[in-house]
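> I'll drop the sequence and a predicted model, then ask my questions.
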Amino acid sequence: MIKTALSFDDVLLVPQYSEIKSRKDIEIRQNLRAVGDFSLPIIASPMDTITGEGMVCAMDRAGGLGILHRYNSIDEQAKMVMDIASGNHVVGAAIGIGEDCIERALTLARAGVSFLCIDVAHGHHSKLRDALTSLRTAVGEEIHIMAGNVATLEAFNDLADWGADSIRVGIGGGSICSTRIQTGHGMPTLQSVMDCAQSDRDATLIADGGIRTSGDIVKALAAGADFVMLGSLLAGTNETPGSVMHTKNGREKVYRGMASKEAQRNWRNRVSSNEGISHTVPLKGPVKDVLDELRTGIRSGISYSGADSVLSLQSRATFIRQTQSGQVESSTHIKRI
């Protein structure tokens with residue numbers, strides 16, 4: 001029997017009785033073990049067109065988190081960590097599972113990194129198990145280790161058992177990811193979150209991929225996510241790496257998947273797969289403006305369930321499945337006559 005898997009567009013949350021007097025009273029603060037409390041449950045994705053030094057600092061000032069991408073030398077990444085940490089900012093840094101995994105991690109730890117993120121496309125793999133086990137031995141229990149990505153409850157539990165403190169959940173859902181097209185594999189992110197939220201392991205769940213609106217963030221949190229990871233929603237902001245281009249469409253910046261041909265040619269001079277695309281997006285201005293709008297939407301969404309926190313949202317939330325006509329009705333649909 002083929003299982004039905006639900007995406008963000010397939011469901012809505014049912015509005016419920018509320019006594020919330022002000023949306024400002026709603027608590028969306030979340031905790032990341034051994035790192036701290038964060039007033040905005042949003043993490044900037046470790047992509048080379050999303051998170052550099054500027055984005056990490058901006059996310060920290062806004063109450064969220066940023067993870068420096070790993071597509072540079074160990075020394076270059078460590079210097080960025082050191083510069084950010086010297087300003088008393090929380091800074092995460094991504095690492096891979098290659099030969100330099102432990103060397104990079106230890107160098108970043110000495111530079112003052114707040115947490116590490118093992119960043120691979122398919123996390124339910126023996127190579128990640130071995131890397132995670134070795135990394136935990138090397139850095140001890142003091143440094144928070146994030147890992148992923150995974151799509152199933154079995155994978156979530158395994159990564160938690162292998163030593164991950166937090167786990168990125170979602171495969172193939174990103175706006176510039178073509179994994180599902182190229183490989184035929186994946187899972188709608190919302191379904192993966194719902195499944196992984198059933199885990200009895202004490203690991204933080206991070207919804208990653210396919211999130212396009214504050215409403216999607218609310219759905220992910222209601223389904224059991226503790227944080228969400230964003231790429232496309234932050235793309236094109238002033239703080240993203242890369243220069244502004246003047247095109248026929250106006251001012252734009254590049255946004256690309258790290259498995260795209262363009263990205264691979266840049267960081268390893270060859271293409272081993274093609275599971276992403278590269279394109280340009282309009283310049284959006286300061287990321288603070290984007291985050292403030294998302295924060296308002298998250299609080300408003302939680303209030304519609306009569307909840308006053310992420311935890312109470314998760315206990316009160318009721319999902320319904322909507323028809324295709326319902327999906328049309330849920331979007332703006334004015335007709336010009």
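Nice, I can see it. Source: prediction; values computed, not measured.
> how about the helices of the stretch 151-300 of the chain, start to end?
Taking DSSP state H, counting those that start in this stretch as the criterion, the stretch 151-300 of the chain carries its helices at 153-162, 179-183, 189-196, 214-223, 261-268, 287-304.
> run through who's touching the third one.
Contacting residues not belonging to helix 189-196 are listed as 5-8, 10-11, 150-153, 156, 167, 169-171, 173, 205, 207-211, 219-220, 223-225 [C-beta atoms under 8 Å, 6 or more residues apart in numbering]. For the C-beta atoms, the positions are set from N, CA and C on the backbone; glycine is no exception.
> and Gly326, how far from Gly173?
21 Å (C-beta to C-beta, to the nearest Å).
> which of those two has more neighbours?
Under the criterion of other C-beta atoms under 10 Å, the comparison of Gly326 against Gly173 puts Gly173 first, with 24 against 14.
> residue contacts, the more buried one?
Gly186, Pro188, Thr189, Asp208, Gly209, Gly210.
> please apply the same query to Asp161.
Arg201.
> roughly how far does it sit from Asp202?
Taking C-beta to C-beta, one finds Asp161 at 11 Å from Asp202.
> same deal with Thr152?
Taken as C-beta to C-beta, the span from Thr152 to Asp202 is 18 Å.
> which one of these two is surrounded by more residues?
Neighbours were counted for Thr152 and for Asp202 using other C-beta under 10 Å; Thr152 has more, 16 against 8.
> just confirm Tyr255 contacts Ile277, I think it does.
No - using C-beta atoms under 8 Å, Tyr255 is not in contact with Ile277, being 9.3 Å away.
> which one's more surrounded, these two?
Ranked by neighbour count (other C-beta under 10 Å), Tyr255 and Ile277 place Tyr255 first, with 22 against 19.
> can you pull out the strands in the stretch 1-150 of the chain?
11-13, 30-32, 36-38, 42-44, 65-68, 92-95, 115-119, 144-150 (DSSP state E, counting those that start in this stretch).
> packing partners of the fourth one?
Think strand 42-44. helix 53-62, strand 65-68, strand 227-230 (3 or more C-beta pairs under 8 Å, 6 or more residues apart in numbering; DSSP states H and E).
> now do the last one
Using 3+ C-beta pairs under 8 Å, 6+ apart as the contact criterion, the neighbours of strand 144-150 among helices and strands are strand 115-119, helix 126-139, helix 153-162, strand 166-169, strand 204-208.
> neighbouring contacts of that strand?
32-35, 67, 92, 114-124, 128, 132, 135-136, 139, 156, 159, 162-171, 192, 196, 206, 208-209.
> still on that earlier bit, out of the helices and strands packed on strand 144-150, which is the most enclosed?
strand 166-169 (a mean of 29; mean count of other C-beta atoms under 10 Å).
> relative to Ile206, how far out is Ser22?
28 Å.
> right, I mislabeled it, should have said Leu153
Taken as C-beta to C-beta, the span from Leu153 to Ile206 is 15 Å.
> other residues contacting stretch 75-87?
52-53, 56-57, 68, 70, 91, 93, 104, 107-108, 110-114.
> in the chain, which helix or strand is least confident?
helix 261-268 (a mean of 64; mean pLDDT, DSSP states H and E).
> returning to what we had before: pick the most deeply packed of the helices and strands packed on strand 42-44.
For the helices and strands packed on strand 42-44, the highest mean count by mean count of other C-beta under 10 Å goes to strand 65-68, at a mean of 29.
> what mean pLDDT does that strand have?
Mean per-residue pLDDT for strand 65-68: 98.
> packing partners for it?
Counting by 3+ C-beta pairs under 8 Å, 6+ apart, strand 65-68 packs on strand 42-44, helix 53-62, helix 74-85, strand 92-95.
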